[in-house]
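> what's the 3D shape of this:
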Amino acid sequence: MGWRLRIEHTTEVRYAGPVLTSFNEARMTPLTLPSQITLESRVTAGPGVPVWTYSDYWGTFVSVFDLPEPHDDLVIRSAATVETEPFGGPPDDADRPSWQQLRERAAGGRLLEFLLPTPLTTVAGDTSRTSIAKVAGLSPDAAAQAISARVHERVTYLPGATGVRTNAQEAWDKGQGVCQDMAQIAVSLMRAAGLPARYVSGYLHPDPKASPGSTAIGQSHAWVEYWAGSWTPLDPTSLAPVGERHVVVARGRDYADVPPLKGIYHGTAGGGMTVTVEVTRLA
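Numbering: from 1, shown residues only. The predicted structure is shown next:
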């Protein structure tokens, strides 16, 4: 049975000094997919600030706005209501491609983009060789699950241990990180094993037994999807099944393709940012 979730995402940007102008992009609008329906969504950046929306190369809804007048701070609020469904799981093994079939089908087209390393999803040769050796002989689905479990075992969840520019190898060596790091490491190792894999950005209600009216306060979440005949999600941070508690906002090669907020401004360098995400189960 599906859930109805309300997501309220607030980002407060504090500049080091007065800013003359700024241009910003927000990726905070949940997608409508077979597994979820976005009933309503709105992104605002303050009174009188017009917001435009377009769909980027990766299929993400991007809210664009600029502030041409001097300002001292910036507050972006996103609110959405989404109905989600449990993920049905991958088809039977008989319907899934073998490794040879997978390699042949992923050799060209859009799948190839999700096989190539990026600066954030590159791991050293010895790291990838060791991980690949551990999944040798497994089916593509079993290999993906083993890689996800290995990342969960290796990397301890510790907020503040890494930053948005931390790459997969750095987080792996440190053995600490957040969901972004675990997702990027899993993507790296899956690609090294020959599985097309993509980074997923979104939201998660952490309580599988949450009753209607239950609100969880946290941050954005990240997990992975790998392709083995169809796109299949895994959450290496929690190892929980990806389903009605997860809300997909964006997919890409890594975090750099799907940041919740990015922009440029004319003013003094520095400042800070505070992010609050509230996910409420409505039904």
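> can you name the next helix or strand after the helix or strand bottoming out on mean pLDDT in the chain?
One helix or strand of the chain scores below all others by mean pLDDT, DSSP states H and E: helix 125-134, with a mean of 88. Counting by DSSP states H and E, the next helix or strand C-terminal to helix 125-134 is helix 140-154.
> which strands or helices does that following helix pack on?
Applying 3 or more CB pairs under 8 Å, 6 or more residues apart in numbering; DSSP states H and E, one finds that helix 140-154 contacts helix 125-134, helix 179-193, strand 221-227, strand 231-234. The way it works is simple: take the backbone N, C-alpha and C, and place the C-beta from them, glycine included.
> closest to residue 269 out of the ones you listed?
helix 179-193 (23.6 Å; CB to CB).
> quick one, whichever helix or strand comes after the closest one and strand 221-227 angle?
As assigned by DSSP H and E, the chain's next helix or strand after helix 179-193 is strand 197-204. Angle between the axes of strand 197-204 and strand 221-227 is 140 degrees (criterion: axes from the mean of the first three to the mean of the last three CA atoms, to 10 degrees).
> number the residues from 508 up from this point.
Sure, I'll start counting at 508 from here, so that last one is strand 704-711.
> which helix or strand lies directly C-terminal to strand 704-711?
Downstream of strand 704-711 (by DSSP H and E), the next one is strand 722-725.
> contacting residues around that next one?
Here strand 722-725 makes contact (CB atoms under 8 Å, 6 or more residues apart in numbering) with 711-714, 717, 783-788.
> equivalent analysis for stretch 636-651, please.
So stretch 636-651 is in contact with 597, 600, 603-606, 609, 653-654, 657, 696-697, 699-702, 704, 733, 735, 739, 741, going by CB under 8 Å, 6+ apart.
> derive a ChimeraX selection command for the buried subset of the contacts of strand 722-725.
In ChimeraX, this line selects whichever of these come out buried by 16 or more other CB atoms under 10 Å:
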select :711,712,717,784,786,787,788
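> which one among the contacts of strand 722-725 gets closest to residue 748?
Using CB to CB, those come closest to residue 748 at residue 711, 11.6 Å.
> nearest residue to the middle of the protein?
The chain has residue 708 as the residue nearest its centroid, 1.9 Å off, counting by CA atoms, centre = their mean.
> what would the contacts of strand 722-725 look like in a markdown table with distance to residue 639?
Output for the contacts of strand 722-725, formatted as a markdown table (distance: CB to CB, whole Å):
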| residue | distance to residue 639 |
| --- | --- |
| 711 | 29 |
| 712 | 34 |
| 713 | 32 |
| 714 | 36 |
| 717 | 38 |
| 783 | 40 |
| 784 | 35 |
| 785 | 40 |
| 786 | 36 |
| 787 | 42 |
| 788 | 40 |
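> columns distance to residue 552 and pLDDT on top of the contacts of strand 722-725, output as CSV?
Below are the contacts of strand 722-725 laid out as CSV (distance: CB to CB, whole Å; pLDDT from 0 to 100):
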residue, distance to residue 552, pLDDT
711, 25, 97
712, 26, 96
713, 28, 94
714, 31, 95
717, 30, 95
783, 16, 96
784, 17, 97
785, 19, 98
786, 21, 98
787, 23, 98
788, 27, 98
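> closest one of the contacts of strand 722-725 to residue 570?
Scanning these for proximity to residue 570, where the rule is CB to CB, the winner is residue 784, at 16.1 Å.
> what pairs with that closest one across the strands?
Note on residue 784: beta-bridge partners by DSSP bridges are residue 516, residue 725.
> settle this for me: it is touching residue 513, isn't it.
No: checked against CB atoms under 8 Å, the pair residue 784 and residue 513 is beyond contact range at 11.3 Å.
> which of the contacts of strand 722-725 sits closest to residue 537?
residue 786 (11.2 Å).
> leaving out sequence neighbours, find the closest residue to the closest one.
Once flanking residues are discounted, residue 786 sits nearest to residue 712: 4.6 Å by CB to CB, 6 or more residues apart in numbering.
> alright, I will stop here.
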